[in-house]
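Asker: Below is the sequence, then the predicted model.
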Amino acid sequence: MQRKNKTLGEFIIENQVEFQYSTGELSKLINAIRLAAKVVNHEVNKAGLIDILGGVGETNVQGESQQKLDVLANEKFIQTLTNREIVCGIASEEEEDFISINSQDENHQNKYVVLIDPLDGSSNIDVNVSVGTIFSIYRRITPIGTPVTLEDFLQPGINQVAAGYIIYGTSTMLVYTTGHGVNGFTLNPAIGTFYLSHPNMQFPETGKIYSVNEGNYTHFPQGVKDYIKYCQREEGDRPYTSRYIGSLVSDFHRNMIKGGIYIYPKSSVNSDGKLRLLYECNPMAFLAEQANGKASDGFRRILEIQPKELHQRVPFFCGSRKMVDKAENFMQGKA
């Protein structure tokens, strides 16, 4: 059991032996993400004081309106990871294609690629609702020392070596896993240090919260409609409570602590779902499974899906294991 109030730096050093390829590079990479998170946190916290609220009048590769903080967060994370020369490639939800990092050292041995959603839920910034950053780390599969290719990024989630998120809320937390459980660190803004505050985070086996945008109810598959009605029915420990923030990081974080399920299904409007497999679903699924939870597209384990494209979308059911099992039963007509 990890003691509380240990700094993130101390935690990384003490647990470095757990990394399969313990060269220190992955530790440096987590540290770089920590640094970028503090910079973005600073900008988020002063969003109402300077002109970084609202949209930039452009759309990103996803066809979504870009917020000023989307652009800023994207730039800060890419800049930090690039300048430290510890990754060989980056893919961002805000970029059309992946970025190959050519180190100044011709013999560089960088072996990790990072996939990132720089600012999840950024449309909530204007109304002072929690937002976050999601990241996913893989070991490259093409030869070290050569430029990365698309193949390095299109790996199934089971190949992740680390994943996590930063939530910018009433307090700022960095939550991550390297495949040995999930730990949460809270930022002390007075000194700029993350401290271990939530060791060994676990989803309760079941819960009483369901998180879904019920405004899209008429567009949902019948299995999702039936599951929502099941959640609302007064029977046993039900009805459940509906809680939906609209920031995946925030909804996931609450459900992991209190117990619940998050659902973003496919619909007649979004035939493949809306969430991105590589930037959102895979890292959250890795965290969920490491925290005794479960993640599915309603039929398959998220981490076993073979990606076909960089910005691929999938339906997403994630949270307390028994709740996801029940939702799958409804989707598969077994309820």
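Answerer: Received, thanks.

Asker: and V269, how many neighbours does it have?
Answerer: 10 (other CB atoms under 10 Å). Glycine gets a C-beta too; all of them are placed from N, C-alpha and C.

Asker: cool, the one 3 residues further on as well?
Answerer: Here the neighbour count serves as a burial measure; for D272 (other CB under 10 Å) it reads 13.

Asker: Could you give the bridge partners of the residue nearest to I78 when sequence neighbours are not counted?
Answerer: Leaving aside its chain neighbours, I78 sits nearest to I90 (5.8 Å; criterion: CB to CB, 6 or more residues apart in numbering). Beta-bridge pairing for I90 (DSSP bridges): I99, V114.

Asker: wait, doesn't I90 sit right on V113?
Answerer: Yes. With contacts counted by CB atoms under 8 Å, I90 reaches V113, the gap being 7.0 Å.

Asker: For those two, work out which one has more neighbours and name it.
Answerer: V113 (25 against 21).

Asker: Wait, the more buried one touches R140, no?
Answerer: Yes. The pair formed by V113 and R140 meets the contact definition of CB under 8 Å, at 5.5 Å.

Asker: Next, show the common contact partners of these two.
Answerer: Common neighbours of V113 and R140, using CB atoms under 8 Å, 6 or more residues apart in numbering, are C88, G89, V148, D152.

Asker: How about the contacts made by the second one?
Answerer: Shown in contact with G89 (CB under 8 Å, 6+ apart): F98, I99, S100, I101, V113, V114, R140, V148, D152, F153.

Asker: which of those has the weakest pLDDT?
Answerer: Across the contacts of G89, the smallest pLDDT goes to I101, namely 88.

Asker: Can you give me the distance of that residue to V40?
Answerer: Distance, I101 to V40, using CB to CB, to the nearest Å: 20 Å.

Asker: Neighbour count for those two, which is higher?
Answerer: Neighbour count, other CB under 10 Å: between I101 and V40, V40 has more, with 26 against 21.

Asker: Without its sequence neighbours, what residue ends up closest to the more buried one?
Answerer: A73 (4.9 Å).

Asker: Looks like the one you found contacts P118 (just checking).
Answerer: Yes. Using CB under 8 Å, A73 is in contact with P118, at 3.8 Å.

Asker: overlap in contacts of those two?
Answerer: Jointly contacting A73 and P118 under the rule CB under 8 Å, 6+ apart are V40, T133.

Asker: Nearest the middle, which residue of the protein would you pick?
Answerer: With distances taken as CA atoms, centre = their mean, I134 lies nearest the centre of the chain, 3.5 Å away.

Asker: before we move on, which element is it in?
Answerer: Taking DSSP states H and E as the definition, one finds I134 inside strand 131-139.

Asker: hang on, isn't K38 packed against G192?
Answerer: Yes. The pair K38 / G192 is scored as a contact, 5.9 Å apart, by CB under 8 Å.
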